[in-house]
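Visitor: whatever this is, show me its structure:
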Amino acid sequence: MLNGTAARRLRTAIINGEFDLGQPLSESALAASLGISKTPIREALAQLRIEGLVTVIPQKGTFVFTMSAQEVVELCELRMTLEAAALRFAFQRNREPFVTALRDIVEQMTQARKRHDVREYLRLDTSYHAQFFRFCGNSYLEDAFNLIVGKVAALRTHLSVRPTHTGRSYTEHGLIVEAVQRGDLEGALAILDKHIARTKHSYAKSIEDIAAADRARYPRAAPRAQLTALP
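Guide: All right, here's what the predicted structure looks like:
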């Protein structure tokens with residue numbers, strides 16, 4: 001039980017930006033913060049390694065993931081492949097409930113933006129894209145997406161420091177819903193392609209590590225890795 005709880009807590013912390021990309025993670029410090037032994041922390045980090053959220057470098061330690069510009073491109077290409085297929089199937093198989101779910105989330109996004117609640121908005125953004133897989137009627141597609149959704153959500157948080165990126169993304173969420181509702185599948189897919197492509201275009205091809213590049217652009221005084229103890 002503690003293993004799963006620790007994994008959920010650390011996953012949430014990485015996705016929410018409580019750790020910097022590339023930040024070293026100490027098993028001892030994490031165990032002390034969460035009030036548990038190092039064994040569940042070690043097992044939680046092993047799970048997050050499978051999800052791509054942490055990286056283990058031999059003789060150096062465990063780190064929050066970071067990515068090169070090329071890796072961002074490759075992740076976006078995989079995401080586009082999965083989401084386009086899921087969107088197509090959801091449109092064909094469950095269009096009405098699919099539209100209803102997306103509209104509800106867009107309305108919640110609107111309210112979160114009015115409250116300037118960035119964390120809630122980003123949670124809803126992840127939920128919006130999860131609806132493609134909820135309604136696609138293909139559990140294998142959903143399982144494949146679940147292997148990358150954490151990394152995608154963390155990258156989304158990382159990009160939220162760029163208001164223009166988030167603003168355009170919000171607009172496109174609404175446009176996709178409108179296209180699906182009026183029966184324009186190809187239009188919805190075209191907007192989705194543009195939507196996902198913006199992430200890979202946010203980084204220059206010359207960037208070798210996005211954490212290092214963005215620390216120079218958006219410096220922070222200190223990492224924000226202060227976790228509360230598990231109940």
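
Visitor: torsion angles phi and psi at residue 21?
Guide: Backbone torsions of residue 21, given as degrees, to the nearest 10, read phi -60, psi 140.

Visitor: let me fix that: residue 64
Guide: phi -60, psi 140.

Visitor: that one and residue 17 touch, don't they?
Guide: No: the pair residue 64 / residue 17 is not scored as a contact, 9.9 Å apart, by CB atoms under 8 Å. All C-beta spots, glycine's among them, are computed from the backbone N, C-alpha and C.

Visitor: more neighbours, these two?
Guide: Between residue 64 and residue 17, residue 64 has the larger neighbour count (other CB atoms under 10 Å), namely 24 against 20.

Visitor: identify the bridge partners of that one.
Guide: Counting by DSSP bridges, residue 64 is bridged to residue 54.

Visitor: state the pLDDT value of residue 231.
Guide: With respect to pLDDT, residue 231 scores 54.

Visitor: ok, now residue 9?
Guide: pLDDT, residue 9: 93.

Visitor: that one is in what secondary structure piece?
Guide: Here residue 9 sits within helix 2-15, counting by DSSP states H and E.

Visitor: report all helices and strands that that helix contacts.
Guide: Judged by 3 or more CB pairs under 8 Å, 6 or more residues apart in numbering; DSSP states H and E, the packing partners of helix 2-15 are helix 27-34, helix 38-50, helix 149-159.

Visitor: among the ones you listed, which is nearest residue 96?
Guide: Of all the helices and strands packed on helix 2-15, helix 149-159 sits nearest to residue 96, with 24.8 Å by CB to CB.

Visitor: list the helices and strands the closest one packs on?
Guide: When contacts are defined as 3+ CB pairs under 8 Å, 6+ apart, helix 149-159 sits against helix 2-15, helix 69-93, helix 118-134, helix 185-201.

Visitor: buried residues, the helix or strand following the third one. List them.
Guide: On the C-terminal side of helix 118-134, the nearest following helix or strand under DSSP H and E is helix 139-146. Residues 141-142, 144-145 are the ones in helix 139-146 that count as buried (16 or more other CB atoms under 10 Å).

Visitor: which residues touch helix 139-146?
Guide: 82-83, 85-86, 89, 130, 133-134, 136 (CB atoms under 8 Å, 6 or more residues apart in numbering).

Visitor: Serialize those residues to JSON lines and add fields for neighbour count.
Guide: Listed next are those as JSON lines, based on neighbours: other CB atoms under 10 Å:
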{"residue": "82", "neighbour count": "21"}
{"residue": "83", "neighbour count": "22"}
{"residue": "85", "neighbour count": "17"}
{"residue": "86", "neighbour count": "25"}
{"residue": "89", "neighbour count": "18"}
{"residue": "130", "neighbour count": "18"}
{"residue": "133", "neighbour count": "24"}
{"residue": "134", "neighbour count": "16"}
{"residue": "136", "neighbour count": "25"}
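
Visitor: and which of those residues is nearest residue 199?
Guide: Of all the contacts of helix 139-146, residue 199 sits closest to residue 83, with 12.1 Å by CB to CB.

Visitor: list the contacts of the closest residue to that closest one other than its chain neighbours.
Guide: Distances taken as CB to CB, 6 or more residues apart in numbering place residue 132 nearest to residue 83, at 5.5 Å, with adjacent residues excluded. With contact set as CB under 8 Å, 6+ apart, residue 132 has these partners: 83, 86-87, 90.

Visitor: picking that back up, quick one: contacts of the helix holding residue 9?
Guide: The contact list for helix 2-15 (CB under 8 Å, 6+ apart) reads 18-19, 30, 34, 36, 40-41, 43-45, 47-48, 51, 53-54, 64-65, 126, 150, 153-154, 157, 225, 227, 230.
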